[in-house]
Structures are given as structure tokens and as C-alpha cells.
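model this:
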Amino acid sequence: MTIDWANDIDWGDAPAWFAFFISVGAGIIALVALGYARKSAVSSEISAKATVRQAAAAERQVELAEAAAATQPGSRQDQQDQPGTQSGSTLRATIPRQKVSYVAWWIEHQSNDGYLLRNIGTGTARNVEIDESRIRCMVRSEFPVAELPPNASTKMLLSTSLAAPSKPGELWVRWDGHPEWVAVPVP
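The predicted structure is shown next:
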């Protein structure tokens, strides 16, 4: 059986033409949605990697703070090394455990351009500032912050533009008592 295109098909069938264009439009919409889904998957993967980097940086900050506290005079290790003191487990039982005070940072994504810089440590950070010279996008914030107690946060906006199309992967933070810049991953 062969199709006679001139006689077997009614080229004036308006509902058929309407259905044809609707199906072509649906196919185009599906292709666009596929593109958005792929971009979303890539963004999710980048966000997951940034979260892992941020957790590792927070753990490293805790380790550094504990190491710094252990080297301070009057620490438990310092007392163990002194002559004439008890050693081992009896020392641990007689000397009350000191609470280590440290500052650690975490950045939380709030909205499109909104972020929170949160102190997740146990100590208060004073005169907190970020290094805006390392950031290529527009920054709106209240830095330097005079005091940021534990679990407190400060808001900031990291806005992209045509001149600075991407947000930074990390912010560099310093505060009183810690003069070196510390990298804090941006999710």
C-alpha cells in the first residue's frame, strides 16, 4: 500500500495541523526543561562539594583552636610537664577540665544573594572583618563587626554583575587574636 500524498491526506484539516504544532511546541518545552534539569544537577553537585569543603574547614579550625589552647600557659598539658606533678590518669582526675574557647566560621546561604557568616565556635570574635580585595563580586555587609558571640551571625550580600559574573568559592576572615586570614568556603 502506498500513500498518495495528493489525494489521501487532507491538507486543509485544521485540527490536525493544530495538534501537530502543539506537539512540536511540547517537544521544544521538554528540551528546554532537560537543559534546566542538567544545570540544576551540576549546581547541586557544586553545592555538595562546597558543603564538604566547609565542614572540613570547620573541623580544621576546631583542631587549630584546640592546639592553640593546649599550648597556652596553665593548660592541662603544661601542668603535666612540670616536675613534681602527678602523671597519667590521676592527674586527669585531680585537675578540672578546662573548656577550650575558640572561634570557628560557617557560611549559610539564605536567599539568592543573601548569606550569613556564623560563629560556630565557643568563643566571642571581636573586630571581625573580611578581605574584600579577594572578592570579585559586589559585597554589601556590615563589616567590620565589633563583636560576634558564639552562634551569632551577620548578614551579607554577594551580588554578581556583568563585570563580576561569579560568586567567590571562599571568603577570607580575620578577627582580634587571629591576625592571619582564614578561608571559609561559600556554599
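
what about the longest helix belonging to the chain, average pLDDT?
Within the chain, and with DSSP state H defining each element, the longest helix by residue count is helix 14-70. For helix 14-70, the per-residue pLDDT values average out at 85.

Renumber starting at 351 from here on
Yep, numbering from 351; the last one is helix 364-420 now.

Mind giving me the packing neighbours of that helix?
When contacts are defined as 3 or more CB pairs under 8 Å, 6 or more residues apart in numbering; DSSP states H and E, helix 364-420 sits against strand 455-459, strand 528-535. In short, each C-beta sits where N, CA and C put it, glycine included.

Distance to residue 480 for these - can I get that in JSON lines?
Output for those, formatted as JSON lines (distance: least, CB to CB, whole Å):
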{"stretch": "strand 455-459", "distance to residue 480": "10"}
{"stretch": "strand 528-535", "distance to residue 480": "9"}
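
possible to save these as TSV with mean pLDDT and mean neighbour count?
Formatted as TSV, the entries for the helices and strands packed on helix 364-420 read as follows, by pLDDT from 0 to 100; neighbours: other CB atoms under 10 Å:
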stretch	mean pLDDT	mean neighbour count
strand 455-459	88	19
strand 528-535	87	15
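
of all those strands, which lies closest to residue 404?
Between residue 404 and these, the tightest spacing by CB to CB is seen for strand 528-535, at 4.0 Å.

Now find how far off-centre the longest helix of the chain is within its chain.
Centroid displacement of helix 364-420 relative to its chain, using CA atoms, centre = their mean, to the nearest Å, is 14 Å.

mind checking which of the helices and strands packed on helix 364-420 is nearest residue 416?
strand 528-535 (14.3 Å).

and the closest one, what other elements does it pack with?
Helices and strands in packing contact with strand 528-535 are listed as helix 364-420, strand 455-459, strand 520-525; criterion 3+ CB pairs under 8 Å, 6+ apart.

That one pairs with which strands?
Looking at strand 528-535 with DSSP bridges, its paired strands and their directions are strand 520-525 (antiparallel).

which SSE is residue 452 in?
Here residue 452, judged by DSSP states H and E, is contained in no helix and no strand.

Now do the contacts for it.
Under the criterion of CB atoms under 8 Å, 6 or more residues apart in numbering, the contact list for residue 452 reads 411-412, 414-416, 418-419, 471-473.

One more pass at 10 Å, please.
Residue 452 sits next to 411-419, 469-473, 475, 500, 528 when contact means CB atoms under 10 Å, 6 or more residues apart in numbering.

which residues touch the closest residue to it other than its chain neighbours?
In space, residue 452 comes closest to residue 415 once its chain neighbours are excluded; the distance is 2.7 Å by CB to CB, 6 or more residues apart in numbering. Residue 415 makes contact with 450-454, 471-473, 528 under the criterion CB under 10 Å, 6+ apart.

where's residue 415 relative to residue 401, distance?
Residue 415 sits 21 Å away from residue 401 when distances are taken as CB to CB, to the nearest Å.
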